[in-house]
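Visitor: okay, sequence plus prediction incoming.
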Amino acid sequence: GRSITTQAIANGTHSPTHSPTAKMAAAATTNTAATVEDLLAETMAVTKEGLHTSGRQTATLATCALNQWALDFEGNCRRILESIKIAKSKGATFRLGPELEISGYGCNDHFFEADTFFHSFEALTVLLNEAPADILCDVGMPVMHRSVRYNCRVLFLNKKILLIRPKLFLASGGNYRESRWFTPWSKPRQVEEFFLPRSLRVITGQTVVPFGDALITALDTCIGCEICEELWTPNSPHIQMGLDGAEIFTNGSGSHHELRKLHKRIDLISSATSKMGGVYMFANQIGCDGERVYYDGCPIIALNGKILAQGPQFSMSEVEVIVATVDLEEVRTYRGALSSRALQAASVESFPRILAETFLTDGPPLPPTNPLKEVFFHTPQEEIALGPACWLWDYLRRSKLGGFLLPLSGGIDSCATACIVFSMCQQVFGQCQAGNAFVLSELRKVVRDTQFTPESPQQIAGLLFHTVYMGTEHSSEETRSRAAKLAEEIGARHDAVVIDDAVKEILNVFVKASGKTPKFKMFGGEQRENVALQNIQARSRMVLAYLFSQLSLWSEDRPGQLLVLGSANVDETLRGYFTKYDCSSADLNPIGGISKYDLRSFILYTHERHGFSALPLILQAAPTAELEPTTETYVQTDEEDMGMSYAELTEYGTLRKTHMCGPYSMFCKLKERWPHLSPEEVAAKVKRFTFLHGINRHKTTILTPSYHAEGYSPDDNRFDMRPFLYSSWDWQFRSIDRNVEETNRRVAAEQQSKTEAAAAEGEDTPTSALTTTTHL
């Protein structure tokens, strides 16, 4: 096939002729008249220098998860260099990093700026100059080629750039908008000349380098690159690359966390090589890089469908590097047994090849890594405990503020948020106990004490976490005591205040202006009066929460201020069951993408693990906003207020977003899923949800930045792009009504047919049956 080679790689201390393999080749060519015994002796001498004669071709490979930050070129460059050095120290001859690791993945519209590309090349110059020798590196960065922006991988070795490989398939669904900033490479199996900036020419001695879709051919193996989304596409590039001889596949990703998503990711990685053989390396970012998503790391190395190495999914370390030693002969043996693969490979169109004059098998003679006995998956409850907690920690330390303030109501949502903050404190404490100097240093910066060393998670919570119970005349002693008890068990500083005076003064402003006094519905008021009186209480809490966040540390004679945490779950947001600009309006919301069902199971998990006695009481209580007066015959509850259950909301949300159902399709599916309800009842429920979701959609435009955790999140920022002003749903609802009528007619006809058949059978059966019985 077509082949392109660069000039020989300049090698400082390393040269192909210095490698054990090259020495054996030289011995064979310079001893043409030597006996077999002489050649065997020479082979044994070379073996002592590290070459395996057992038939193994072992290469030690490294991949990583890095806590990168958008536009933090200095920090990103430092973390990349650290990962390369760690990989080198572990004997690796190849290092893979995450997607767009030089600039950070979440630069968004900063990718429109020429500065982002300029600074990325500046950082690449530093990497080329300071990276250790004799390790092939694969880094991610944005590149402008012929005035077109591309999301690229840059592969370099010993200060020489081998290939710039642009992304073929961009991620543009859900949270991703890559096609807004980048263009996919539309020339498969083609390369062009890329002219390097002047600063790189000085270091590399190169003027042009290959740019495009090609394979890297080392002297002992072949490498093909994929970038994130390309693994998830039906016709992934690794298929054709593998048929053309690539043995090692790399994937630098920027893949965010979602509950229960890791199973699918690992299935894709395993299946990539289980059908055709090969090594698959997966790198990912880890942490919060300034957006609503959390990149959940978990770097992977797989061989022939088996996982050899797996990194942590949630980590507070900036750099996580894993290595595995693979026997390349296992790839060749595996493929050799697949006759169907050989048939397809024999006719595949070839890729251009870029020569890397190095042996990946030249590393230390380490034994091959055995497959893991079991791939590790966190439970959803553990994911909730770990993911949002790490997200909060990254945001806190990078914002350089002094901690969090949470309006703690004593209900499930705010208590779940408090438990997540405690989980953050627990993880920070665990890292400090384990000797993680970086985490301890960051903690000392947050608490403004250069000598601080924590003695417990509760001690950390006491410094970083403030909770406030803001009660009114409608609040119960039960919620007040639950909030105080949980705050005490967590270790948070807690205040309980009564805000009735503030609420009444705000209401008096309106009363004096209008001359009218609104009343709750139970006292004869209209619905709009009832809602307005509840909203005054809720919005007063938001104002007071920000007052406490700004002045709490001041009142303790400590510097800084606090971030305000919100606690509205994904189901209530979907329904619009919250007050615009109430305590759902905050700086961050760690549970905004989590369902009520998952939050309840998380609270139970937290109770079982930590024994907080307040949590069982919280689980037993019916969720309530406590914004209306309570009487002997009326107690306000969330599900009664909403007119639907949380379980139903989860069903609606999944159908609406994940299954892309409009009202009519939703009705058709639920009619089959809910056979215990009549078609009329299902229709009424779907119509009610659709109407309420539509009239409340405007509330999602001001949602607090929330941790993305669920596939049916209604987040209006980028994940769920819909209008916030809807027309009537009359057309859709009429279609539902017609379907109900048709269903009822069909059911009635089927019932009539069964009745007639039973009647006919009843007329014929008695005599013949009696005769038969008598004879028997």
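Guide: The structure has been received and is ready for your questions.
Visitor: which residues in the stretch 101-250 of the chain form helices?
Guide: 114-130, 178-181, 198-204, 229-232, 237-243 (DSSP state H, counting those that start in this stretch).
Visitor: low-confidence ranges, the stretch 401-550 of the chain, go.
Guide: Of all residues in the stretch 401-550 of the chain, none has pLDDT under 70.
Visitor: what segments of it are helices?
Guide: Going by DSSP H, counting those that start in this stretch, the stretch 401-550 of the chain shows helices at 412-433, 437-447, 457-464, 477-490, 500-514, 527-555.
Visitor: just the ones you listed: most buried one?
Guide: Highest mean neighbour count of the helices of the stretch 401-550 of the chain: helix 412-433, a mean of 24 (counted as mean count of other CB atoms under 10 Å). The C-beta positions use only the backbone N, C-alpha and C, and glycine is treated the same way.
Visitor: chain center to that one: distance?
Guide: Centre-to-centre, helix 412-433 and its host chain are 19 Å apart (CA atoms, centre = their mean, to the nearest Å).
Visitor: which strands and helices sit next to it?
Guide: Using 3 or more CB pairs under 8 Å, 6 or more residues apart in numbering; DSSP states H and E, the elements in contact with helix 412-433 are helix 380-399, strand 404-407, helix 437-447, helix 457-464, strand 465-471, helix 477-490, helix 596-610, helix 614-620.
Visitor: between those, which one is closest to Ala647.
Guide: For the helices and strands packed on helix 412-433, proximity to Ala647 was assessed by CB to CB; helix 596-610 is nearest, at 6.8 Å.
Visitor: how much does the closest one deviate in direction from helix 477-490?
Guide: 50 degrees (axes from the mean of the first three to the mean of the last three CA atoms, to 10 degrees).
Visitor: which residues touch helix 596-610?
Guide: 259, 379-382, 384-385, 412-413, 415-416, 419, 422-423, 489, 569, 571-572, 591, 594, 612, 615-616, 618-619, 623, 646-647, 649-650, 710 (CB atoms under 8 Å, 6 or more residues apart in numbering).
Visitor: let's see it at 7 Å
Guide: 259, 380-381, 384-385, 412-413, 415-416, 419, 569, 571, 591, 612, 615-616, 618-619, 646-647, 650 (CB atoms under 7 Å, 6 or more residues apart in numbering).
Visitor: quick check: which of the helices and strands packed on helix 412-433 is nearest to Met281?
Guide: helix 380-399 (23.5 Å).
Visitor: list the buried residues in that closest one.
Guide: Neighbour-count burial for helix 380-399, counted by 16 or more other CB atoms under 10 Å, picks out 380-398.
Visitor: which strands and helices sit next to it?
Guide: helix 412-433, helix 437-447, helix 596-610 (3 or more CB pairs under 7 Å, 6 or more residues apart in numbering; DSSP states H and E).
Visitor: now distance to Val468 too, for these, in a markdown table please.
Guide: As requested, those are exported to a markdown table (distance: least, CB to CB, whole Å):
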| stretch | distance to Val468 |
| --- | --- |
| helix 412-433 | 10 |
| helix 437-447 | 20 |
| helix 596-610 | 20 |
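Visitor: how about those helices, which one is nearest Ile86?
Guide: helix 437-447 (13.6 Å).
Visitor: from the contact counts, what lies against that closest one?
Guide: Short answer (3+ CB pairs under 7 Å, 6+ apart): helix 437-447 packs on helix 380-399, helix 412-433.
Visitor: orientation of that helix relative to helix 457-464 in degrees?
Guide: Going by the same axes, to 10 degrees, helix 437-447 makes 40 degrees with helix 457-464.
Visitor: which residue sits closest to Gln426, ignoring its sequence neighbours?
Guide: Pro457 (4.2 Å; CB to CB, 6 or more residues apart in numbering).
Visitor: which ones are touching the one you found?
Guide: Phe422, Cys425, Gln426, Phe429, Gly491.
Visitor: the residue nearest to Tyr646 when sequence neighbours are not counted: neighbouring residues, count only.
Guide: Nearest residue to Tyr646, sequence neighbours excluded (CB to CB, 6+ apart): Lys596, at 4.0 Å. Using other CB atoms under 10 Å, Lys596 has 23 other residues around it.
Visitor: what pLDDT, on average, does stretch 627-643 get?
Guide: Taken as a whole, stretch 627-643 carries a mean pLDDT of 83.
Visitor: and the helices of the stretch 401-550 of the chain as a markdown table, adding distance to Ile322?
Guide: Output for these, formatted as a markdown table (distance: least, CB to CB, whole Å):
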| stretch | distance to Ile322 |
| --- | --- |
| helix 412-433 | 18 |
| helix 437-447 | 18 |
| helix 457-464 | 28 |
| helix 477-490 | 34 |
| helix 500-514 | 54 |
| helix 527-555 | 40 |
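Visitor: nearest to Ala356, of those helices?
Guide: Per CB to CB, nearest to Ala356 of the helices of the stretch 401-550 of the chain: helix 437-447, 33.6 Å.
Visitor: and that closest one, how far from the chain's centre?
Guide: The answer for helix 437-447 is 25 Å, by CA atoms, centre = their mean.
Visitor: angle of it against helix 380-399?
Guide: Using the same axes, to 10 degrees, helix 437-447 lies at 60 degrees relative to helix 380-399.
Visitor: angle of helix 437-447 against helix 412-433?
Guide: Going by the same axes, to 10 degrees, helix 437-447 makes 130 degrees with helix 412-433.
Visitor: how about residues contacting helix 437-447?
Guide: By CB under 7 Å, 6+ apart, helix 437-447 touches 316-318, 396-397, 402, 428, 431-432, 450, 452, 463-464.
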